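*Asks:* Test case, fold it:
(one chain, ligands or ions: 1)
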Amino acid sequence: MGWSRKHAVYGERYNPEKHRRPVPGSRPDRDAGETSGIADNTRELAFAAVLVLVGIAALYPALHHRGSSLSSEIKAAKSTPLNMKNWVNFTLLESHRVAHNTRIFRFELDPKASLGLQPISHILVRGEVVNRRGRLEKITRSYVPVSDLGATGYFDLLIKILPDGMLSQRIARLNPGDSLEMRGPVVELPYKANMKTHLGMIAGDIGITHMVQLIKAIVLNPNDYTQQVSLIYENESPEDILLKEELDKLSRAYPNFKVFYTVNIAGREWEGGVGHITAEMIYKALPHPSPNTLVLVAGPSTFMDRVCGRKDQERYSGQVLGLLKQLGYKKEHVYKF
Ligand SMILES: Cc1cc2nc3c(=O)[nH]c(=O)nc-3n(C[C@H](O)[C@H](O)[C@H](O)COP(=O)(O)OP(=O)(O)OC[C@H]3O[C@@H](n4cnc5c(N)ncnc54)[C@H](O)[C@@H]3O)c2cc1C
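*Replies:* Model prediction:
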C-alpha cells in the first residue's frame, strides 16, 4: 500500500557519512608528518599485532555472548505470530483511557516476541459485530500499533471509540483476557533510516498514530541520523490531544524531534497555537519543499481537504492541494496517509 518506489528516488539521499555526529572523545587522524621512518613503523606494526591478538583473546567471550544474544533477538523477532495469511487471536492484557473517547489497548505477545513491523505499517483487526441490518457479521478495520517497534511481550493500539462505530464499540467492550483476530502487517510507507534530512509531519486527531510509530522508530534507532523531525498536531481542545505526555517526553529527550500543538478551543493557560493549522504555522515549523525533505500528513477527511487534499487512490498520494499547495509543495514532497 501507499509509498511507491517512484517517490523514494527523488533527490539526493541523506548521507550518514557526511552528517555523522562526531564520536565523543575521538581524535582527528594522525598527521602524515608524524611518522619517523621504516624502523619505527616496523616496531609499531609488531606492537599493534600483539595488541590485536591480546584484544581478540580478551574480547572472545563477550563477542561470543553478544553473538548468541543477537541471534536470539532475531529468533524472537521471527517468532512474531502476526502474519498476512492467517487471522491470529491476540489476548487483551489491559486498556487505559487517553482522552474521553480514546483508549490504548495493550495486547499480549510471547515474552521474547515483538510485532516485527517495519515503519510505517498498520495491521488488520477483525471482529464479529451486529451489522446495521441486525445480522452478525465479521468486519475488518485498520489500526497502527503505537508501541516501540522493538517492544517485546506486548503491543499497543490507540483506538478512538466512535459513538456509532461498529468495530471500535466492540473493542471498547473487551475485557482483559478477551481476544481479537488480527492479520498483517501492511506496510504503508517503507521508511528507511536516513532517507531524508528533515521530516515534517502534520496530524489531526487520531492521525497521530502513523506519526508516533515513525517518530519512535527514528529517535530510538542509533543509526538513524535524521537531523530534524517536526510535527504540527491539531485537535479540538487541549484535552483531546492524544499521547501529549509521551510526545512532550520524546521532544525533551531527543533534540531532533520538535512538536507544536494547535487547538480550536483553548483555555487561558494554553500556550500553543489556536485554531486550525495555517499556512504560517507550516511555513514556520516544517521543512520547506526540497529533495531532502518530506512532509507526512494524516487525519480525518475534512482535515486532509484543508491541509493537502485527500489521498486519491489506495496506493498514491495524488495531487497536492490546500495549504501545502499554497506553500509550493509538490507530489514528491508530500506523503498522505
Ligand atoms: C490505514 C489506516 C490506519 C488507521 N489507524 C487507526 C488507528 O490507529 N486508530 C484508530 O482509532 N483508527 C484508525 N483507523 C480508522 C479505523 O480503521 C476505523 O475506520 C475506525 O476505528 C472506525 O471503525 P468503526 O467500525 O468503529 O466505525 P464504522 O462503523 O466503520 O463507522 C462509524 C461512523 O464513523 C465515521 N468515522 C470513521 N472514522 C471516523 C473518525 N476518525 N472520526 C469521526 N468519525 C469517523 C464513519 O464515517 C461512520 O459514519 C485507521 C484507518 C486506516 C485506513
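*Asks:* Show me what from the stretch 101-250 of the chain comes close to the ligand.
*Replies:* Selection of the stretch 101-250 of the chain residues close to the ligand by Cβ under 6 Å from any ligand atom yields 122, 141-144, 158-160, 162, 164-168, 206, 209. Any C-beta I mention is one placed from the backbone N, CA and C, and that applies to glycine too.
*Asks:* Mind checking which of those land in helices?
*Replies:* 166-168, 209 (DSSP state H).
*Asks:* Mark which of the residues of the stretch 101-250 of the chain next to the ligand are buried, thanks.
*Replies:* The neighbour-count test (16 or more other Cβ atoms under 10 Å) marks 122, 141, 143-144, 158-160, 165-168, 206, 209 as buried among these.
*Asks:* where are the low-confidence patches of this structure?
*Replies:* 1-79, 314-315 (pLDDT under 70).
*Asks:* quick one: the helices in it?
*Replies:* Using DSSP H, helices in the chain cover 5-8, 16-19, 38-78, 166-172, 208-219, 244-253, 279-285, 301-307, 322-326.
*Asks:* Now do the last one: which elements does it pack against?
*Replies:* Pointing back at helix 322-326 there. Judged by 3 or more Cβ pairs under 8 Å, 6 or more residues apart in numbering; DSSP states H and E, helix 322-326 is in contact with helix 279-285, helix 301-307.
*Asks:* Just the buried positions in stretch 171-178, please.
*Replies:* 171-172, 174.
*Asks:* returning to what we had before: using JSON lines, please lay out the buried ones among the residues of the stretch 101-250 of the chain next to the ligand together with distance to Ile232.
*Replies:* Below are those laid out as JSON lines (distance: Cβ to Cβ, whole Å):
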{"residue": "His122", "distance to Ile232": "22"}
{"residue": "Arg141", "distance to Ile232": "26"}
{"residue": "Tyr143", "distance to Ile232": "23"}
{"residue": "Val144", "distance to Ile232": "19"}
{"residue": "Leu158", "distance to Ile232": "19"}
{"residue": "Ile159", "distance to Ile232": "23"}
{"residue": "Lys160", "distance to Ile232": "20"}
{"residue": "Gly165", "distance to Ile232": "26"}
{"residue": "Met166", "distance to Ile232": "31"}
{"residue": "Leu167", "distance to Ile232": "29"}
{"residue": "Ser168", "distance to Ile232": "26"}
{"residue": "Ile206", "distance to Ile232": "16"}
{"residue": "Thr209", "distance to Ile232": "16"}
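*Asks:* of all the buried residues of stretch 171-178, which comes closest to the ligand?
*Replies:* Ile171 (7.7 Å; Cβ to the nearest ligand atom).
*Asks:* thinking the closest one is in contact with Ile159, fair?
*Replies:* Yes - counting by Cβ atoms under 8 Å, Ile171 touches Ile159, with 5.8 Å between them.
*Asks:* Quick check: neighbours shared by those two?
*Replies:* Phe105 (Cβ atoms under 8 Å, 6 or more residues apart in numbering).
*Asks:* hang on, the earlier thing: nearest to the ligand, out of the helices and strands packed on helix 322-326?
*Replies:* helix 301-307 (8.5 Å).
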